[in-house]
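[1] what's the 3D shape of this:
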Amino acid sequence: MAKKQKTMYVCQECGYDTVKWMGRCPGCGAWNTMVEERVAPESKEGGLRLGLSDKAKPCPIGEVRVEDIPRFSSGSGELDRVLGGGIIPGSMVLIVGDPGVGKSSLTLGSSAAVARAGHRVLYVTGEESTRQIRMRADRLQAIADNLLVVSETNLETIEAHVEDIKPDLLIIDSIQTILKPDVQSAPGSVSQVRECAVDLLRIAKTNGIATFLIGHVTKDGTLAGPRVLEHIVDTVLYFEGERNAEFRVLRAVKNRFGSTNEIGLFEMRDIGLVDVPDASKLFLSDREMDSGAVIIPTVEGTRPLLVELQALVAPTPYVPPRRTADSVDIKRIQLLLAVLEKRVHLTSIGACDVYIKVAGSIRIDEPAADLGICVAMASSFAGRLLRPKTIVFGEVGLSGEVRAVSQAESRILEAKRLGFTDVVLPMKNAKQIKQGIEGMNLHGTETIGEALRLAMPKQS
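    Next up is the predicted model:
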């Protein structure tokens with residue numbers, strides 16, 4: 001008598017599984033996402049076999065040999081920065097982003113650059129034909145002899161191509177289209193994505209092949225498929241930016257071989273994505289700034305970046321007033337408005353509509369932007385201009401105090417390079433820079449009220 005196959009109901013959003021169907025997933029709360037899938041029989045060997053020796057024995061960590069990991073360039077300085085200095089052989093990188101943001105353009109351009117450097121690259125596409133890839137390569141000027149392209153979704157066939165070609169870099173576009181024949185579920189399902197990723201990891205580790213996986217996102221912008229996919233890979237990169245926006249931001253949310261604080265900046269042009277090594281100049285306006293505009297030096301990893309933040313505070317007859325923020329957390333705006341109303345006695349600012357926008361749609365998450373946001377909102381509310389050629393940064397507490405932030409000197413040096421002369425900063429940071437910085441006037445402050453007086457001098 002044939003043995004009955006076991007089935008499970010698996011959420012296609014988060015990977016939660018259960019033995020019976022449910023209308024709403026208990027894991028993520030999504031409706032109608034539970035799909036019946038057959039459970040693959042467990043392997044007798046168990047676990048991942050990555051070519052490790054069966055005779056390996058535990059040893060003291062101090063006796064483990066450490067060798068420098070060789071890296072090779074991706075051809076993009078910004079991508080190399082986010083990866084931690086370049087591509088590591090045998091590593092697996094997952095690139096995730098909204099449709100049309102430029103994931104395929106980035107990987108195809110980097111593949112051509114790697115191929116021109118003498119490395120063999122295999123680009124596997126499961127969503128497009130090779131003719132479509134060639135048309136994009138012509139537009140991106142990404143033609144190279146060592147760049148091999150194949151349109152395939154069968155994992156066994158892909159593995160055969162890898163064994164035959166022995167590439168240094170493998171691109172899978174995308175992981176949701178790859179099919180493992182012995183897994184009884186549709187491509188893109190939780191089971192298929194998990195099993196295909198595990199097999200690709202084995203291929204990458206045993207052969208020393210750097211592998212880039214392109215992944216899809218859900219409606220809320222998170223990685224589609226099982227959460228275990230993020231644990232399998234070595235690096236997870238999120239590609240951010242609106243389809244119609246000029247700039248794109250590449251962030252590392254996981255990186256076993258480098259920092260997760262670095263970002264890469266790209267500009268979308270006719271020839272594809274182009275590195276933006278000096279983004280501060282692009283994000284600053286050449287015109288004379290009006291009230292409500294302030295320059296904030298933000299830091300992403302080790303990279304100081306000057307951005308222009310604009311605030312519009314206007315009276316409104318509606319209750320409650322509107323709070324709209326672009327690239328800034330709306331909860332932070334509400335908190336800082338309460339501080340201004342309570343500690344600086346701007347009693348009617350809470351009854352106004354407040355709109356916040358950051359030039360270039362660069363998202364600002366660090367607390368060092370608090371003081372700049374407060375100054376921008378107060379400037380727009382009072383209709384007063386800021387001191388010219390001035391940058392503002394510092395963390396604001398609930399009692400109205402201005403707290404010190406990290407990397408103050410690198411922020412000031414970046415502002416000096418771009419022609420700024422005055423800095424409103426926390427008093428503690430100003431005291432730490434004992435020798436000062438030639439050509440820069442440091443205005444230390446301990447309270448938000450004092451900071452407003454320093455940033456907005458009395459106008460005649």
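
[2] Enumerate every residue touching Pro297.
    304-306, 368, 391, 393, 411-412, 414-415 (Cβ atoms under 8 Å, 6 or more residues apart in numbering). (Glycine included, C-beta is placed from N, CA and C.)

[3] make it 10 Å
    Going by Cβ atoms under 10 Å, 6 or more residues apart in numbering, Pro297 touches 280, 304-307, 368-369, 372, 391-393, 405, 407-408, 410-415, 418, 420, 423, 425.

[4] who does the helix-or-strand element of the chain with minimal mean pLDDT touch, helix- and strand-wise?
    The weakest-scoring helix or strand in the chain, judged by mean pLDDT, DSSP states H and E, is helix 279-283 (a mean of 76). When contacts are defined as 3 or more Cβ pairs under 10 Å, 6 or more residues apart in numbering; DSSP states H and E, helix 279-283 packs onto strand 247-255, strand 263-269, strand 293-300, strand 303-315, helix 408-417.

[5] Pull out the buried residues from the contacts of Pro297.
    In terms of neighbour count (16 or more other Cβ atoms under 10 Å), the buried residues within those are 280, 304-307, 368-369, 372, 391-393, 405, 407-408, 411-412, 414-415, 420, 423, 425.

[6] Give me the contact list for the least confident helix or strand of the chain.
    78, 246-247, 249, 263, 265-267, 276, 295, 297-298, 300, 303-308, 358-362, 414-415, 417-418.

[7] let's see it at 6 Å
    For helix 279-283, the surrounding residues in contact (Cβ atoms under 6 Å, 6 or more residues apart in numbering) are 265, 305-307, 359-360, 418.

[8] Tell me which residue is most central in this protein.
    Central residue of the chain (Cα atoms, centre = their mean): Arg251, 2.3 Å from the mean position.

[9] That one pairs with what?
    Arg251 forms beta bridges with Tyr238, Ile263, as assigned by DSSP bridges.

[10] That one against Phe239, yeah?
    No. Assessed by Cβ atoms under 6 Å, Arg251 is found out of contact with Phe239, at 8.2 Å.

[11] secondary structure element for Tyr9?
    Applying DSSP states H and E as the criterion places Tyr9 in strand 7-11.

[12] That strand pairs with which strands?
    When DSSP bridges is applied, strand 7-11 pairs with strand 17-18 (antiparallel), strand 34-38 (antiparallel).

[13] then it to CSV, C-alphas only?
    Taking C-alpha atoms only, strand 7-11 is exported to CSV below (Å, rounded to 0.1, in the frame of the first residue of the first chain):
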residue,chain,number,x,y,z
THR,A,7,0.9,18.0,3.5
MET,A,8,1.0,21.3,5.3
TYR,A,9,-0.6,24.7,4.9
VAL,A,10,2.1,27.3,4.5
CYS,A,11,1.6,31.1,4.6
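
[14] So which residues make contact with it?
    17-18, 21, 25, 27, 33-34, 36-39, 190.
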